[in-house]
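1. Mind looking at a prediction? Sequence and model below.
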Amino acid sequence: SQKIEQNSEALNIQEGKTATLTCNYTNYSPAYLQWYRQDPGRGPVFLLLIRENEKEKRKERLKVTFDTTLKQSLFHITASQPADSATYLCALRLSGGGADGLTFGKGTHLIIQP
Amino acid sequence: EAGVTQFPSHSVIEKGQTVTLRCDPISGHDNLYWYRRVMGKEIKFLLHFVKESKQDESGMPNNRFLAERTGGTYSTLKVQPAELEDSGVYFCASSHRAPNSPLHFGNGTRLTVT
């Protein structure tokens, strides 16, 4: 069956360090992969999109990599700050048909400690 | 621009009752999606509108759920009759028509069926 896994339910990182979150998927052929941030009581907020033919994407302190051979995306936050604490979701959009909607992972709860 | 708004933010109803959730997308967004997050699970796709037409409703759980988007503006999602397993957070999202456009989510409606 199709599955998306995100690493651990909570990740504790010291302020100033780089946080690395993992998204692994099986039995998908994604056209692209997106990362969202979600704060308690709020809806997900779009951060970055990376297409299947792209290896890496950057936006300010954020970097996403996409390895379709390993079926994995890594999401990095450099120089992390307590304000980066949130749940981060990866989401896939399938290529070649299928449901129109995105398929989400459960998310990784990131805690940046001062 | 105003974001996606959802009403109500919370709803508590008894099993067997009817509830109608409303979503106002960002003005000009043709795409409108409904998603649901049941406690402990990932966010799951329910259906997709393009303007007033249902493009994909493959994620709708059963025929107790009815979504409409009359006039291609706001959308409603009605659950009738509600069951205990319908409890969760219902998110609405909208996007531009262009492929790969990121989703803009509302803050969700938390539905509790007792």
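-> Received, thanks.
2. Quick check: bridge partners of the residue nearest in space to the middle of chain B?
-> Central residue of chain B (C-alpha atoms, centre = their mean): B:Trp34, 3.3 Å from the mean position. On the basis of DSSP bridges, B:Trp34 takes part in beta bridges with B:Leu47, B:Cys92.
3. For B:Lys44, which residues are in contact?
-> A:104, B:35-38, B:59 (C-beta atoms under 8 Å, 6 or more residues apart in numbering or on different chains). Yep, even glycine has a C-beta here, placed from its N, CA and C like the rest.
4. where exactly do the strands run in chain B?
-> Remark: strands assigned in chain B by DSSP state E are B:5-7, B:10-13, B:19-24, B:31-37, B:43-50, B:53-56, B:65-68, B:75-79, B:88-95, B:104-105, B:109-113.
5. need these in TSV with mean pLDDT, can you?
-> Below are the strands of chain B laid out as TSV (pLDDT from 0 to 100):
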stretch	mean pLDDT
strand B:5-7	98
strand B:10-13	98
strand B:19-24	98
strand B:31-37	96
strand B:43-50	94
strand B:53-56	92
strand B:65-68	98
strand B:75-79	98
strand B:88-95	97
strand B:104-105	96
strand B:109-113	98
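6. Quick one: closest of those strands to A:Thr108.
-> Closest approach to A:Thr108 among those (C-beta to C-beta): strand B:43-50, 13.8 Å.
7. now the angle between strand B:31-37 and the closest one, please.
-> Following axes from the mean of the first three to the mean of the last three C-alpha atoms, to 10 degrees, one obtains 160 degrees for the angle between strand B:43-50 and strand B:31-37.
8. ok, the helix or strand harbouring A:Leu33 near chain B or not?
-> Assessed by DSSP states H and E, A:Leu33 sits inside strand A:30-38. Yes: shown here: strand A:30-38 in contact with chain B (C-beta under 8 Å from any C-beta of the partner chain) through A:31-32, A:34, A:36.
9. and that strand, which strands flank it?
-> strand A:45-51 (antiparallel), strand A:86-94 (antiparallel).
10. Next, the contact list for A:Trp35, please.
-> A:23, A:47-49, A:62, A:64, A:73, A:75, A:88-91.
11. Give me the buried subset of those.
-> A:23, A:47-49, A:62, A:64, A:73, A:75, A:88-91 (16 or more other C-beta atoms under 10 Å in any protein chain shown).
12. residues in chain A within reach of chain B, list them.
-> A:4, A:31-32, A:34, A:36, A:41-46, A:49, A:51, A:89, A:93, A:99-107.
13. what about 7 Å?
-> Residues of chain A that fall close to chain B, judged by C-beta under 7 Å from any C-beta of the partner chain: A:32, A:34, A:41-44, A:46, A:49, A:99-102, A:104-106.
14. Appreciated, that's everything.
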